[in-house]
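> sequence and predicted model, in that order:
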Amino acid sequence: MASLLEKTKTLISANLHSMVDKALENNSIGVLKQYIRDAEKNLRELEDAAATVGGEVKSLERKYKEYKKKAEQMDRNIDTFLMQGKNDLARAAQSEVNTLQEMQERYHEQWVRQKREYDALLNARLKLQAKLRTIRQEQRELEALLKLAKSKEKTVKAIKSLDDLTGVGDADIARIGESIRGRLDRATAQSEMYAGNLDNQMDDALGAAELDLQLEERKRRLGLQESAPAAAEESQEDVSSFGFSDEF
């Protein structure tokens, strides 16, 4: 019984704050859960022990009261025997009273000792129950804190991943961009060049046509070229000269 009480006292006097700090340091409430399991187990053992001791206390108290009652009754009988002159009976009764009183004192001593032990167990039980309520509350709070910590750790991890991506592939992207811009510049230059050639060809064609018109106009002024109707009549005459007629 002493070992159980000593174990209970050691458990109750444990430094709860150090356990909480350890749990926080490990980012886990496993330490607290194990502490609760151990405390609950010891509480059950303590309650069983208290029930056993409590039963013994009641038995010792009952025995003590029984011997006390018998001793008081026998003590009264001694006075009666003496008044009746029955000294032998009085002597025997006195001897029995002495024995009863010894048993009474013995049971009383055991009862008081066991009662003290029982009260200590009940007190330890109350303290352990209070400790369990405290640690359970701490567990709920720590679970909430741990959940929040994990959430923040995910946020930090995500932010760190973004930071790690900063600058990654910039050279490749820049090189690809330069390549695309180079292709665009080259295509633009080719387009401008072809457009310029087309403009030149059109200018050349328009220039030649203008020159031809100018030369034709000059020929007409010089009489070197007949008008279009005369040329047509002349062509008709040529056809008639070959003997072809409309009747044919």
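Yep, that arrived.

> longest helix in the protein, by residue count?
Using DSSP state H, we find that the single longest helix of the chain is helix 87-165.

> residue ranges of each domain in this structure, please.
Split into domains by automatic domain parsing, the chain comes to 2-165, 178-225.

> tabulate these (CSV), appending mean neighbour count, mean pLDDT and distance to Ala171.
In short, each C-beta sits where N, CA and C put it, glycine included. Converted to CSV, those look like this (neighbours: other CB atoms under 10 Å; pLDDT from 0 to 100; distance: least, CB to CB, whole Å):
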stretch, mean neighbour count, mean pLDDT, distance to Ala171
domain 2-165, 14, 81, 14
domain 178-225, 10, 74, 10
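
> how about Glu56, nearest residue that isn't a chain neighbour?
Gln114 (5.3 Å; CB to CB, 6 or more residues apart in numbering).

> quick one, what contacts the one you found?
By CB atoms under 8 Å, 6 or more residues apart in numbering, the contact set of Gln114 is 53, 56-57, 60.

> so can I have JSON lines of those residues showing secondary structure?
Formatted as JSON lines, the contacts of Gln114 follow (DSSP: H, G, I helix; E, B strand; the rest coil):
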{"residue": "Val53", "secondary structure": "helix"}
{"residue": "Glu56", "secondary structure": "helix"}
{"residue": "Val57", "secondary structure": "helix"}
{"residue": "Leu60", "secondary structure": "helix"}
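
> farthest pair in those residues?
Val53 and Leu60 (10.2 Å; CB to CB).

> tell me which element the closest residue to Leu89 other than its chain neighbours is part of?
Spatial nearest neighbour of Leu89, excluding adjacent residues (CB to CB, 6+ apart): Phe81 at 4.4 Å. Under the criterion of DSSP states H and E, Phe81 resides in helix 30-83.

> what's the angle between that helix and helix 87-165?
Using axes from the mean of the first three to the mean of the last three CA atoms, to 10 degrees, the inter-axis angle of helix 30-83 relative to helix 87-165 is 170 degrees.

> from Ala130, how far out is Arg181?
For Arg181, the distance to Ala130 equals 76 Å [CB to CB, to the nearest Å].

> I meant to write Tyr118 there.
In this view, Tyr118 and Ala130 are 19 Å apart by CB to CB.

> and Lys33, by the same measure?
From Lys33 to Ala130 the distance is 19 Å (CB to CB).

> one more: Lys86?
Relative to Ala130, and taking CB to CB, Lys86 is found at 62 Å.

> then Glu210?
Glu210 is 115 Å from Ala130, by CB to CB.

> again with Gln73
From Gln73 across to Ala130, the span is 47 Å (CB to CB).

> let me see the contact set for the residue nearest to Lys68 when sequence neighbours are not counted.
Nearest non-adjacent residue to Lys68, counting by CB to CB, 6+ apart: Gln104, 4.9 Å away. Going by CB under 8 Å, 6+ apart, Gln104 touches 64, 67-68, 71.

> kindly report the same for Glu217.
Contacts of Glu217 (CB under 8 Å, 6+ apart): none.

> element containing it?
Here Glu217, judged by DSSP H and E, is contained in helix 170-222.

> just to revisit the earlier point, could I get the contacts of Gln114 as CSV with distance to Ala149?
Output for the contacts of Gln114, formatted as CSV (distance: CB to CB, whole Å):
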residue, distance to Ala149
Val53, 45
Glu56, 50
Val57, 50
Leu60, 55
